[in-house]
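> Return atomic coordinates for the entry below.
(chains A and B)
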Number of protein chains: 2
Amino acid sequence: MQMLMGRADATPNFAMRHFVVAPGGHTPRHSHPWEHEVYVTEGVLRTECGGESIEVFAGDALLIPGDATHQFVNESDAQARFLCMVPLESECGRDVPGS
Amino acid sequence: MQMLMGRADATPNFAMRHFVVAPGGHTPRHSHPWEHEVYVTEGVLRTECGGESIEVFAGDALLIPGDATHQFVNESDAQARFLCMVPLESECGRDVPGS
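Down below sits the predicted model:
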């Protein structure tokens, strides 16, 4: 994960991160109380979110709601990249990790 | 401006918008109390922000702080595109326009 901007840059409300997923790679399958706003910038990814599985392509935008189990898997033979924005704070004002 | 996700989609904290700037085109030169988080997805743009002027390219990320006067100008002969994220609420809980 590459931080593009966040808490350390004094962003007031949310952070922007950049992920590169190599062919065969994937992000952790997990859930948390805060949302993700995702924009795919390169390639194709299979996305599981809340029990549904879809393919997403460069130019697609996705809202991963809080508490939805989610994962991004690169089943292609080419690199995939996406932006993932998160709020700085979650429930009860707790810091969001990676923000 | 194309809304990718925002208030109407029940995003909890911020909105994602997509802008296409034709050759010779520009966004309004203005300021407002809320920040922009910008990611350039295509082309080259001259960006004025807080009295500075720089060229930004596909893959560049920018934080436009609240109250900074800013504008994006496409001086190239090719289309440019960028994502622009804004919080849903600004000072005193007021709705951010275009969120």
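> tell me the phi and psi of the residue most central in space within chain A?
For chain A, the residue whose C-alpha lies nearest the mean C-alpha position (C-alpha atoms, centre = their mean) is A:Cys84; its distance is 3.8 Å. Note on A:Cys84: its backbone torsions stand at phi -140, psi 110 [degrees, to the nearest 10].
> How about the contacts made by it?
A:Met16, A:Arg17, A:His18, A:Phe19, A:His36, A:Glu37, A:Val38 (C-beta atoms under 8 Å, 6 or more residues apart in numbering or on different chains). C-beta here means a position set from N, CA and C on the backbone, and glycine is covered the same way.
> Would you confirm that the fifth one contacts A:Met85?
Yes. Under the criterion of C-beta atoms under 8 Å, A:His36 makes contact with A:Met85 at 7.0 Å.
> More neighbours: which of those two?
Taking neighbours as other C-beta atoms under 10 Å in any protein chain shown, A:His36 and A:Met85 compare with A:Met85 leading, 27 against 21.
> Leaving out chain neighbours, which residue sits closest to the more buried one?
Take A:Met85 and drop its neighbours on the chain: the residue closest to it by C-beta to C-beta, 6 or more residues apart in numbering or on different chains is A:Glu37, 4.3 Å away.
> which residues sit in contact with that neighbour?
With C-beta under 8 Å, 6+ apart as the criterion, the residues that contact A:Glu37 are A:Ala61, A:Leu62, A:Leu63, A:Ile64, A:Cys84, A:Met85, A:Val86, B:Met5, B:Thr11, B:Phe14, B:Met16, B:Met85.
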